[in-house]
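Asker: Here's a sequence, model it:
(chains A and B)
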Amino acid sequence: MAPRERALASVAVTLTSRPWAVTGDDMEEVRRQGFSEQQLESAVAVIAMFNYFTRVADASGIDFDYQTPLPAFEPDRDQVSAPRPVASVVVAPGADDRDAAGRRVLGHEGLRAAWASWRAYLLDSVEPLSRSDRLLLVRVAAEEAADRATAEAHGSPAGAAGHVLAGFARKLSREPWQMQAADLEKLRASGYSEIAVLQAISVTAHQNADSRLSAGLAAARI
Amino acid sequence: MGAWLATVSKADATGALAAAYTAMENRPMPPVYQPPHDDAPGIIRAHSLDPELLRRTFAISGLLASTALQWADRELLASVTSRTNQCFY
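Answerer: Residues are numbered from 1 along each chain as shown, chains lettered A, B, ... in the order given. Next up, the predicted model:
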């Protein structure tokens, strides 16, 4: 891989597998390869969004759609996720490029609005998943990304223990490649409707994307 | 093989879902991303029980397709991200 592509790929790998570990130096290397600030921001958003799509694909069990002359990709379902860190950086609220909760936001206005609208729909709806169920999924997914500020803003960790949604969100966040049909069955057996199952997948996958977006934007603006 | 999650095919879609599928179809897309069947792509269909969720989710991917990043760079990021998550998508 050429240095230009390697710099991008390196950010994608780190932000995906260890979002807490992405640094300003990783971003500086991308800039050195000739990418603009806008392109860097787009790159972070694309990585974040594909952390959403891959989780929805894994959890929903959809088939591969496209014809390709390349050999089929064989996922390594035994891959071990990176150990989670014990502490993470806490962002200070107040700057122009942060929201009320102190989180970095996208500079691209249209994208920022679309992201906020997506998040609001997933977090603020009350049916068919309750608000407390949504917050539980958000908290677990944020914890798994070591996004402690978000995790702590969404309720107490004690409430999640043993909850069927907590186990679901943890697996989907941490080892999405191990998702199975049986994981959806557990939710159905606990009384969740089919659309509630879809929303549980989506809220969890969304928070995985959102925590990676915040981590990436923070690293890009240090 | 069908998905684990219930979905609504394009042929069965009505109302808001039919409108959302049509809007997605009308987006510019390279031929390589035309699925080899008449239905909507799996990742879109996975959202079909909730057309409003489908609309808000794919509004973002639509915007990401028109940012300053080149198509090839976007594809690289998408495939490295999927590979890191051991995902075929």
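Asker: how near is the most far-flung residue of chain B relative to its centre to chain A?
Answerer: For chain B, the residue at maximal distance from the C-alpha centroid (C-alpha atoms, centre = their mean) is residue B:68, at 20.8 Å. According to C-beta to the nearest C-beta, to the nearest Å, residue B:68 stands 4 Å off from chain A. C-beta coordinates here come from the backbone N, C-alpha and C atoms, glycine included.
Asker: so that residue is in which element?
Answerer: With elements delineated by DSSP states H and E, residue B:68 resides in a region that no helix or strand encompasses.
Asker: quick one, phi/psi of it?
Answerer: Here is the backbone geometry of residue B:68 (degrees, to the nearest 10): phi -70, psi -10.
Asker: Could you report the neighbour count for the closest residue to it other than its chain neighbours?
Answerer: Excluding the flanking residues, the one nearest residue B:68 by C-beta to C-beta, 6 or more residues apart in numbering or on different chains is residue A:38, at 4.2 Å. If you count neighbours by other C-beta atoms under 10 Å in any protein chain shown, residue A:38 ends up with 13.
Asker: What of the one 10 residues further on?
Answerer: Burial of residue A:48, expressed as a neighbour count using other C-beta under 10 Å, amounts to 28.
Asker: That one contacts residue A:207, doesn't it?
Answerer: No: assessed by C-beta atoms under 8 Å, residue A:48 is found out of contact with residue A:207, at 10.7 Å.
Asker: for the host helix or strand of residue A:28, the distance to its chain's centre please.
Answerer: Assessed by DSSP H and E, residue A:28 sits inside helix A:24-32. Computed by C-alpha atoms, centre = their mean, to the nearest Å, the chain-centroid distance of helix A:24-32 equals 21 Å.
Asker: quick one: whichever helix or strand comes after it to helix A:24-32, angle?
Answerer: Remark: after helix A:24-32, the chain's next helix or strand is helix A:37-60, criterion DSSP H and E. When axes from the mean of the first three to the mean of the last three C-alpha atoms, to 10 degrees is applied, the directions of helix A:37-60 and helix A:24-32 differ by 120 degrees.
Asker: so does whichever helix in chain A runs longest get close to chain B?
Answerer: In chain A, taking DSSP state H as the definition, the longest helix is helix A:194-220. Yes: residues of helix A:194-220 contacting chain B under C-beta under 8 Å from any C-beta of the partner chain: A:194-195, A:197-199, A:201-202.
Asker: would CSV of these with neighbour count and pLDDT be doable?
Answerer: Shown next, in CSV, are those (neighbours: other C-beta atoms under 10 Å in any protein chain shown; pLDDT from 0 to 100):
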residue, neighbour count, pLDDT
A:194, 15, 98
A:195, 16, 97
A:197, 25, 98
A:198, 27, 98
A:199, 25, 98
A:201, 27, 98
A:202, 27, 98
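Asker: contacting residues for the residue nearest to residue B:68?
Answerer: A:107-108, B:67-68 (C-beta atoms under 8 Å, 6 or more residues apart in numbering or on different chains).
Asker: What's the PyMOL syntax to select whichever of those residues are buried?
Answerer: To isolate the buried ones among the contacts of residue A:38 in PyMOL, judged by 16 or more other C-beta atoms under 10 Å in any protein chain shown, type:
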select buried, (chain A and resi 108) or (chain B and resi 67)
